[in-house]
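**Q** quick one: sequence and predicted model below, then my questions.
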Amino acid sequence: MLGTGHPYAELMTAIAFDTLKFVKRLKEAGFTDQQAEALAVTGAELVEDNLATKRDLKDLERVVTRDTKEIEAALTRDMKELEATLKHDMKGLEAALKHDMKELEAAHARHESTRNRPAE
């Protein structure tokens, strides 16, 4: 059986897989000690490798929460930069539009003044 000195003893106590009970059932079914222990170790490894513990989930939650906060901060920063850029661009467009409007008004006024002049 797996005693406290066995290399997998710590693994067996850290997971919800009762290796001692499993070994006992295998031996009752006719398996040798060696076979039962090999199956118990393999089963425990499968459980350990494929199941998440509450601690694993809490660690993952912390990482996801941290990453989410970092992404939110980056998005907020990017949105502020974009807003500033858009405001700057809009002011430039507004100035250019005002300039073009003045030129059009001046051209229209020149055109009207030449149109209304008596013919020579």
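**A** Everything's here; your move.
**Q** going forward, measure contacts and count neighbours with C-alpha atoms only.
**A** Fine.
**Q** quick one: mean pLDDT over whichever helix in the chain runs longest.
**A** Ranked by residue count and defined by DSSP state H, the top helix of the chain is helix 54-115. Mean per-residue pLDDT for helix 54-115: 95.
**Q** just checking, what packs against that helix?
**A** For helix 54-115, not one helix or strand is in contact under the criterion 3 or more Cα pairs under 8 Å, 6 or more residues apart in numbering; DSSP states H and E.
**Q** show me how far that helix is from its chain's centre.
**A** 25 Å (Cα atoms, centre = their mean, to the nearest Å).
**Q** repeat for stretch 49-56
**A** 20 Å.
**Q** what is the neighbour count of residue 41?
**A** Neighbour count of residue 41, defined by other Cα atoms under 10 Å: 21.
**Q** give me the pLDDT value at residue 118.
**A** Note for residue 118: predicted pLDDT of 68.
**Q** likewise for residue 25?
**A** Residue 25 is given a pLDDT of 93.
**Q** the one 5 residues further on too?
**A** Per-residue pLDDT puts residue 30 at 96.
**Q** which SS class is it?
**A** coil (DSSP: H, G, I helix; E, B strand; the rest coil).
**Q** please report phi then psi for it.
**A** phi 110, psi 0 (degrees, to the nearest 10).
**Q** residues in contact with it?
**A** Counting by Cα atoms under 8 Å, 6 or more residues apart in numbering, residue 30 makes contact with nothing.
**Q** how much space between it and residue 36?
**A** 9 Å (Cα to Cα, to the nearest Å).
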